[in-house]
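**Q** Let's see this in three dimensions:
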Amino acid sequence: MASTKSLAAKQPKSSSKKHYAVWPRPSPRRDVEAMLKCRTVEESRIEFRSSRFRIFILGAGFSHPAGLPLAADLWKDVLRRASGLSGRASFFRDDLNNYIEFRKRSEGVALKPNEVDFEEFMAFLDIEHYLGLRGKDTWSEHGNEGQVVVKTLIGEILTELTPAKDRIPELYLRFAKLFQPTDYVLTFNYDVLLERALEVAGTPFRLYPSRFQRISGDRATIDATRQELVVLKLHGSVDWFDRTFYSELDDEFRKQGSSDHPTNPVFNPDSPLKIVPLTDGPRFESDPLRQMYRALDVEKLYRGRILFCATPSLLNPSSMKIVYPHMLRDFWDGLGQAGVLNFGMVIIGFSLPQQDDYAKQVIYRLVRNYQENYWGQSEFEHKKTPLLLIDRRASAKTRREFIERYRFVDWNRAEVQFDGFDDKALSLIEAT
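**A** Prediction:
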């Protein structure tokens with residue numbers, strides 16, 4: 001417990017894995033070791049006793065009270081905007097018609113465009129792109145034209161609807177102030193509402209699992225000196241942009257003796273946008289997040305013409321999004337071990353939608369770990385509070401559907417609030 005040895009992490013691609021009872025790493029034991037490196041033993045123990053290592057899981061229902069759409073309404077807006085696009089963007093309509101024809105010929109199902117299930121349509125496009133069915137006509141690493149249109153429109157719509165920093169509802173600012181530095185947030189949302197609330201509230205946070213002090217070969221020394229909340233955006237974000245392809249193309253320009261730069265509204269040297277790396281400090285060469293950047297003035301970006309020039313790094317709503325794990329794979333590493341020695345767990349606005357069935361397997365593990373290990377016991381002077389689930393369900397029928405989706409929950413060790421994310425829910429969260 002009082003070891004002061006350097007904290008080391010293996011390179012993500014290494015086949016050698018260590019297992020910890022608490023996720024994400026560093027574990028409470030390693031947190032304590034890090035505290036002892038920079039504080040007195042008594043100071044560290046006091047800080048550790050105040051840390052509950054809570055896990056928060058957020059879905060679209062978290063952002064909805066602030067005016068952001070749920071999946072069904074988002075699709076309606078995407079369809080409306082995409083239907084009026086021309087040029088290469090009109091490939092979206094071709095893709096939609098091809099999907100409708102596919103369903104009719106293969107299943108005998110006749111659909112109109114407004115009757116198409118968003119996630120099933122995107123799964124159809126994901127399979128086509130992932131398998132390279134278009135061969136040399138495959139558009140880009142971000143997807144074929146229809147997929148890129150959808151990603152860009154999702155970014156455009158959510159950015160337009162996300163409150164500016166000076167208009168964040170008080171509910172979210174109060175929520176942002178509740179976090180402890182040892183808490184972890186797993187969010188399936190693309191929007192930047194949470195980040196803005198945290199910034200306004202003055203709550204330090206980072207958007208990647210581990211911060212490193214230095215890297216040597218396939219080992220890294222973890223930097224545990226900063227007190228910050230960890231927020232992992234499991235499906236990407238409307239303000240994330242990958243520089244990899246731009247950097248490769250820019251290098252080709254230099255090799256050909258050109259002083260020009262590729263056209264890109266995010267990464268051009270003369271771009272007026274303020275961009276910052278997603279990560280901070282040394283990273284492994286193989287880490288895909290090394291080339292990921294955040295556009296801080298994202299409204300300015302989407303007001304311009306960015307379609308096919310810059311595509312946000314997010315996973316489209318699709319039951320097949322699991323085929324695109326490389327970008328954010330490290331976010332999931334070790335997640336199945338979470339919950340054992342975490343002392344609070346809250347799920348807000350995530351109804352386990354069918355298109356995210358892979359996430360159901362993960363949350364099942366988290367909940368089982370949380371409710372079946374050390375329940376009722378005092379560990380590190382902490383006891384677990386009931387699992388808290390918050391969702392808006394107005395009718396008895398929809399409440400039964402929610403309970404059925406979460407049928408693996410031990411409801412004797414859980415509390416559910418069906419009025420959505422509101423002041424009452426916040427009071428319940430404060431007690432975790």
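
**Q** Enumerate every residue touching the closest residue to G236 other than its chain neighbours.
**A** Ranked by C-beta to C-beta, 6 or more residues apart in numbering and with sequence neighbours excluded, the top spatial neighbour of G236 is L314, at 3.3 Å. Backbone N, C-alpha and C define where each C-beta goes, glycine included. Taking C-beta atoms under 8 Å, 6 or more residues apart in numbering, we find L314 in contact with 151, 154-155, 190, 235-238, 240.

**Q** Which ones among the residues you listed lie within strands?
**A** Using DSSP state E, W240 are the members of those that sit in strands.

**Q** I'd like to know how many residues surround H142.
**A** A total of 20 residues lie near H142 under the criterion other C-beta atoms under 10 Å.

**Q** ranges for the strands of this structure?
**A** Ranges of strands in the chain, per DSSP E, are 8-10, 55-58, 184-187, 205-206, 212-216, 219-222, 229-233, 240-242, 275-277, 292-295, 345-348, 387-390, 414-417.

**Q** how about JSON lines for these, with distance to G87 and mean neighbour count added?
**A** Output for these, formatted as JSON lines (distance: least, C-beta to C-beta, whole Å; neighbours: other C-beta atoms under 10 Å):
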{"stretch": "strand 8-10", "distance to G87": "47", "mean neighbour count": "16"}
{"stretch": "strand 55-58", "distance to G87": "37", "mean neighbour count": "24"}
{"stretch": "strand 184-187", "distance to G87": "34", "mean neighbour count": "23"}
{"stretch": "strand 205-206", "distance to G87": "39", "mean neighbour count": "18"}
{"stretch": "strand 212-216", "distance to G87": "44", "mean neighbour count": "14"}
{"stretch": "strand 219-222", "distance to G87": "46", "mean neighbour count": "19"}
{"stretch": "strand 229-233", "distance to G87": "31", "mean neighbour count": "21"}
{"stretch": "strand 240-242", "distance to G87": "22", "mean neighbour count": "25"}
{"stretch": "strand 275-277", "distance to G87": "27", "mean neighbour count": "14"}
{"stretch": "strand 292-295", "distance to G87": "24", "mean neighbour count": "22"}
{"stretch": "strand 345-348", "distance to G87": "40", "mean neighbour count": "25"}
{"stretch": "strand 387-390", "distance to G87": "44", "mean neighbour count": "24"}
{"stretch": "strand 414-417", "distance to G87": "48", "mean neighbour count": "18"}
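
**Q** what's the closest of these to F91?
**A** Distance to F91, taken as C-beta to C-beta, is lowest for strand 240-242 among the strands of the chain, at 21.6 Å.

**Q** From the contact counts, what lies against the closest one?
**A** strand 292-295 (3 or more C-beta pairs under 8 Å, 6 or more residues apart in numbering; DSSP states H and E).

**Q** coming back round to it: could you dump the strands of the chain into CSV and include distance to F308 and mean pLDDT?
**A** Below are these laid out as CSV (distance: least, C-beta to C-beta, whole Å; pLDDT from 0 to 100):
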stretch, distance to F308, mean pLDDT
strand 8-10, 38, 53
strand 55-58, 31, 98
strand 184-187, 28, 96
strand 205-206, 31, 98
strand 212-216, 35, 91
strand 219-222, 37, 88
strand 229-233, 24, 96
strand 240-242, 14, 96
strand 275-277, 19, 97
strand 292-295, 17, 97
strand 345-348, 35, 98
strand 387-390, 39, 98
strand 414-417, 43, 98
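
**Q** okay, those strands in CSV with distance to L328 next?
**A** Listed next are the strands of the chain as CSV, based on distance: least, C-beta to C-beta, whole Å:
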stretch, distance to L328
strand 8-10, 18
strand 55-58, 15
strand 184-187, 11
strand 205-206, 15
strand 212-216, 18
strand 219-222, 19
strand 229-233, 8
strand 240-242, 10
strand 275-277, 16
strand 292-295, 10
strand 345-348, 20
strand 387-390, 24
strand 414-417, 28
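
**Q** how about the nearest residue to the most centrally placed residue in the chain, chain neighbours excluded?
**A** Centroid-nearest residue in the chain: K233, 1.6 Å away (criterion: C-alpha atoms, centre = their mean). In space, and not counting its chain neighbours, K233 is closest to T187: 5.5 Å by C-beta to C-beta, 6+ apart.

**Q** hang on, the one you found packs against G236?
**A** No: between T187 and G236 there is no contact under C-beta atoms under 8 Å: 10.6 Å.

**Q** before we move on, back to that, and the residue nearest to K233, bridged to which residues?
**A** For T187, the beta-bridge partners are L58, K233 (DSSP bridges).

**Q** wait, what's in contact with it?
**A** So T187 contacts 57-59, 62, 194, 231-234 (C-beta under 8 Å, 6+ apart).

**Q** hang on, the earlier thing: for D95, which of the strands of the chain is the nearest?
**A** Per C-beta to C-beta, nearest to D95 of those: strand 240-242, 22.7 Å.

**Q** strands paired with that closest one, and their directions?
**A** Within its sheet, and counting by DSSP bridges, strand 240-242 is paired with strand 292-295 (antiparallel).

**Q** pLDDT weak spots in the protein?
**A** 1-50, 325-327 (pLDDT under 70).

**Q** go with 50
**A** By pLDDT under 50, the weakly predicted segments of the chain are 1-7, 13-38.

**Q** Check the gap between the residue of it positioned farthest from its centre and P269 for me.
**A** Within the chain, G257 marks the point farthest from the mean C-alpha position, 40.0 Å out by C-alpha atoms, centre = their mean. As judged by C-beta to C-beta, to the nearest Å, G257 and P269 stand 18 Å apart.

**Q** Ok, P69 next?
**A** Separation of P69 from P269 (C-beta to C-beta) stands at 36 Å.

**Q** Which one of those two is surrounded by more residues?
**A** Counted by other C-beta under 10 Å, P69 and P269 do not tie: P69 has more neighbours, with 18 against 6.
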